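Engineer: Build me a model:
(chains A and B)
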Amino acid sequence: MLNQLEEQVWNRVLLARHPKRPTTRALIDFLITDFIELHGDRLFGDDKAIIGGIGYLGKTPVTVIAEEKGVTTEEKIKRNFGMPHPEGYRKALRLMKQAEKFQRPIIFIIDTPGAYPGIGAEERGQAEAIARNLMEMIKLKVPLISIVLSEGGSGGALAIGVSDEIWMFENAIYSILSPEGFATILYKDVSLAKKCASLMKLTSFDLYQYKIIDRIIPEVKNGLQDNAKYSFEVVKKQLIKTIKELQKLPTEELLARRFKKYRNIGVYEEAN
Amino acid sequence: MEHFLEDRKSKLEIFRTRVRKKIVKTEKIDIPSDLFIKCESCQELIYNDDFLKSYKVCPKCNYHFRINARERLNLILDKGSFQELFTELRTTNPLDFPDYEAKIKSYQEKTNENEAFICGLGMINKIPVALGVLDSYFMMGSMGSVVGEKVTRLIETALEKRLPLIIFSASGGARMQEGIFSLMQMAKTTAALKYYQDAGLLYISVLTHPTTGGVAASFAMLGDIIISEPKSLIGFAGQRVIKETIKQDLPEGFQTAEFQLEKGFVDLICDRKDLRNVLGKILSMHKKED
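Structural biologist: From the prediction side, this is the model:
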């Protein structure tokens, strides 16, 4: 039996995974005009779990890099349910460097259960690909904003989540691992996932309170699937405003702020 | 021909079932339990003195047993050169996770260490280095806030003093009990590393058994030079998770150091007995002329 809090948290997990919840492509279509998708990592292939491209946010050219789970069954399979391989993260990095060259701000949209755990992914260096992105993102000389739309699973989310600001949709979740994986690792019992979800502190409110994220994007009462336009409009307005502000900062200050943000994360005590 | 093969096969079978069993059967002898240890890999009995002299490597099959952080420091650094840093950092329970404090306490008692990462300054062949070791005996070397903070401070110290940096990894990944804070240590450590590397300084990452998850996917995989001990398990996802996801068995040798060498993700594999020597040579080649 779940207590009231566990029930509440699990309901959010269900909303984050609601079958009718809009996916990143819908958000891109709402935010960006003249979107042109750019493919491939120039090393191995094109990972369809990550959409990358350029377009206008208002009047500003931006780069968009987004994890996409897919809508129809056929598309979900094509996109590997939003679980990227190393070539996905390397495509992302290529487009980040391209954005830096042309001084375009980058909008990252996170929606993944996690980086794909498979043979090919390991053969091509999943760990290295994620690590490389974390390291390069900290010093990219353009404004970066990461938005967790639904699920932010583990290193697979963080690999496009080192930014100047991290936003989360109200009913999104962001965690070290999926509740199912967490329950399996710690208790060897996947049926404890519902209980674990509340222990993990994975809701937008938890993470805002911990200062891991900077903004919560409100959703209507029943969740994003009921009225996406309401939330998407908030995102668009805020993005235009925040990017304008970040663009005004001298590069050194932008990077110093970003570094400080991550440098200060962690809870510990210092004994004398 | 076929008949010949059949015949041979049946004779071999007879040999297996009758003769070999007889040979193997021996009387049980009482051996003091600390005199010999059994190799975890080839089952060979190893004379304990030999085992310790060989840095806990099986003399028969070269299987590298896990060693703890202090053993590693003794093996690698010049005698008496280690100055430990950041021992004042203490783990708390940021998520109020059930039983986490008790768990930490029990590992502290078991290992006599405060946390899973031991670091400081030392010398290898008289060359000063900043060096850190993850201890797989402390909660599987998992990275929470304290480990992440110590790694970051070590990197910052190395940058400040312009020292070469060596980190020995042995970890199951980010620590579950600190949730999102553990995940974010991946970003924190690599952020510090970026500034260190951009300053033109040398970072050698040594991957030992096992290096997986959030540690592999952050500072461990970003060395200028990446060395691994033989047969170490190195990878991102756990093997059980991969098996469950793809519903098939994994190829032999999957995610070993040798696999990573073949796929191009480590520079070299080095036996434990040669490690100090190899590190010394690499450091010497990167010495700055004063």
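Engineer: Is there a neighbour count for the residue of the stretch 101-250 of chain A found nearest chain B? I'd like the number.
Structural biologist: Residue of the stretch 101-250 of chain A nearest chain B, by C-beta to the nearest C-beta: A:Pro117 (3.3 Å). Backbone N, C-alpha and C define where each C-beta goes, glycine included. Neighbour count for A:Pro117, taken as other C-beta atoms under 10 Å in any protein chain shown: 23.
Engineer: That one against B:Ile242, yeah?
Structural biologist: Yes: using C-beta atoms under 8 Å, A:Pro117 is in contact with B:Ile242, at 4.7 Å.
Engineer: related to what we said a few turns ago, ignoring the adjacent residues along the chain, who's closest to the residue of the stretch 101-250 of chain A closest to chain B?
Structural biologist: Spatial nearest neighbour of A:Pro117, chain neighbours left out: B:Ala237 (3.3 Å); criterion: C-beta to C-beta, 6 or more residues apart in numbering or on different chains.
Engineer: pretty sure the one you found contacts A:Ala121?
Structural biologist: Yes: in this structure B:Ala237 lies within contact range of A:Ala121 using C-beta under 8 Å: 7.4 Å.
Engineer: Which single residue in the stretch 101-250 of chain B comes nearest to chain A?
Structural biologist: Closest point on the stretch 101-250 of chain B to chain A, by C-beta to the nearest C-beta, is B:Ala237, at 3.3 Å.
Engineer: Distance of that residue relative to B:Ala192?
Structural biologist: According to C-beta to C-beta, to the nearest Å, B:Ala237 stands 25 Å off from B:Ala192.
Engineer: go on, B:Ser41?
Structural biologist: B:Ser41 is 37 Å from B:Ala192, by C-beta to C-beta.
Engineer: More neighbours: which of the two?
Structural biologist: Between B:Ser41 and B:Ala192, B:Ala192 has the larger neighbour count (other C-beta under 10 Å), namely 25 against 14.
Engineer: Make sure the more buried one is actually in contact with A:Arg263.
Structural biologist: Yes: at 7.3 Å, B:Ala192 counts as touching A:Arg263 under the criterion of C-beta under 8 Å.
Engineer: where do the contact lists of the two overlap?
Structural biologist: Common contacts of B:Ala192 and A:Arg263 (C-beta atoms under 8 Å, 6 or more residues apart in numbering or on different chains): B:Thr152.
Engineer: just to revisit the earlier point, next, show the common contact partners of B:Ala237 and A:Ala121.
Structural biologist: Between them, B:Ala237 and A:Ala121 share the contacting residues A:Ala115, judged by C-beta under 8 Å, 6+ apart.
Engineer: ok, how many other residues are close to residue 207?
Structural biologist: No chain in the question, so chain A it is. Around A:Leu207 there are 24 residues (other C-beta under 10 Å).
Engineer: not quite, I wanted chain B
Structural biologist: By other C-beta under 10 Å, 29 other residues sit near B:Leu207.
Engineer: how about the helices in the stretch 51-200 of chain B?
Structural biologist: B:69-76, B:100-111, B:145-160, B:179-198 (DSSP state H, counting those that start in this stretch).
Engineer: which of these is buried the deepest?
Structural biologist: Highest mean neighbour count among those (mean count of other C-beta atoms under 10 Å in any protein chain shown): helix B:179-198, with a mean of 25.
Engineer: Please export the C-alpha coordinates of whatever helix or strand B:Ile282 lives in as CSV.
Structural biologist: Assigned by DSSP states H and E, B:Ile282 belongs to helix B:272-285. Provided in CSV are the C-alpha atoms of helix B:272-285 (Å, rounded to 0.1, in the frame of the first residue of the first chain):
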residue,chain,number,x,y,z
ARG,B,272,49.7,-4.1,-12.0
LYS,B,273,53.3,-4.9,-11.5
ASP,B,274,54.3,-2.6,-14.3
LEU,B,275,51.9,0.2,-13.5
ARG,B,276,54.2,2.4,-11.3
ASN,B,277,57.0,2.1,-13.8
VAL,B,278,54.8,3.0,-16.8
LEU,B,279,53.2,6.0,-14.9
GLY,B,280,56.7,7.1,-14.0
LYS,B,281,57.8,7.1,-17.7
ILE,B,282,54.7,8.9,-18.9
LEU,B,283,55.2,11.6,-16.2
SER,B,284,58.8,11.9,-17.0
MET,B,285,58.0,12.5,-20.7
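Engineer: what is the orientation angle of that helix with helix B:69-76?
Structural biologist: 60 degrees (axes from the mean of the first three to the mean of the last three C-alpha atoms, to 10 degrees).
Engineer: Going by neighbour count, which residues of helix B:272-285 are buried?
Structural biologist: B:Arg272, B:Leu275, B:Arg276, B:Val278, B:Leu279, B:Gly280, B:Ile282, B:Leu283 (16 or more other C-beta atoms under 10 Å in any protein chain shown).
Engineer: Which elements pack onto that helix?
Structural biologist: Contacts defined by 3 or more C-beta pairs under 8 Å, 6 or more residues apart in numbering or on different chains; DSSP states H and E place helix B:272-285 against helix B:69-76, strand B:117-124, strand B:127-134, strand B:203-211, strand B:225-228.
Engineer: run the last query once more with 7 Å
Structural biologist: Applying 3 or more C-beta pairs under 7 Å, 6 or more residues apart in numbering or on different chains; DSSP states H and E, one finds that helix B:272-285 makes contact with helix B:69-76, strand B:117-124, strand B:127-134.
Engineer: With just CA atoms, put the last one into PDB.
Structural biologist: Read it as strand B:127-134. This file holds the C-alpha atoms of strand B:127-134, laid out as PDB (Å, rounded to 0.1, in the frame of the first residue of the first chain):
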ATOM      1  CA  ILE B 127      57.900  13.600  -9.700                       C
ATOM      2  CA  PRO B 128      55.100  15.400  -7.700                       C
ATOM      3  CA  VAL B 129      51.500  14.500  -8.700                       C
ATOM      4  CA  ALA B 130      48.000  15.000  -7.500                       C
ATOM      5  CA  LEU B 131      46.500  11.600  -7.100                       C
ATOM      6  CA  GLY B 132      43.200  10.100  -6.100                       C
ATOM      7  CA  VAL B 133      41.800   6.600  -5.800                       C
ATOM      8  CA  LEU B 134      38.300   5.300  -5.700                       C
END
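Engineer: partners of it in the sheet?
Structural biologist: strand B:117-124 (antiparallel), strand B:165-171 (parallel) (DSSP bridges).
Engineer: quick one: contacts of it?
Structural biologist: B:69, B:72-73, B:77, B:116-123, B:141, B:151, B:154, B:157-158, B:163-171, B:215, B:283-284, B:287 (C-beta atoms under 7 Å, 6 or more residues apart in numbering or on different chains).
Engineer: got the angle between that strand and helix B:179-198?
Structural biologist: Using the same axes, to 10 degrees: strand B:127-134 against helix B:179-198 is 160 degrees.
Engineer: for the first one, same thing?
Structural biologist: If you take the same axes, to 10 degrees, helix B:69-76 sits at 10 degrees to helix B:179-198.
Engineer: again, but for the second one
Structural biologist: Relative orientation of strand B:117-124 and helix B:179-198, computed by the same axes, to 10 degrees: 20 degrees.
Engineer: Please write out the alpha-carbon positions of strand B:117-124 in CSV.
Structural biologist: The C-alpha trace of strand B:117-124 is given here as CSV (Å, rounded to 0.1, in the frame of the first residue of the first chain):
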residue,chain,number,x,y,z
PHE,B,117,37.6,8.4,-2.6
ILE,B,118,41.1,8.9,-1.1
CYS,B,119,43.2,11.7,-2.5
GLY,B,120,46.2,14.0,-2.0
LEU,B,121,49.6,14.9,-3.1
GLY,B,122,52.5,12.5,-3.6
MET,B,123,55.5,11.6,-5.8
ILE,B,124,56.2,8.9,-8.4
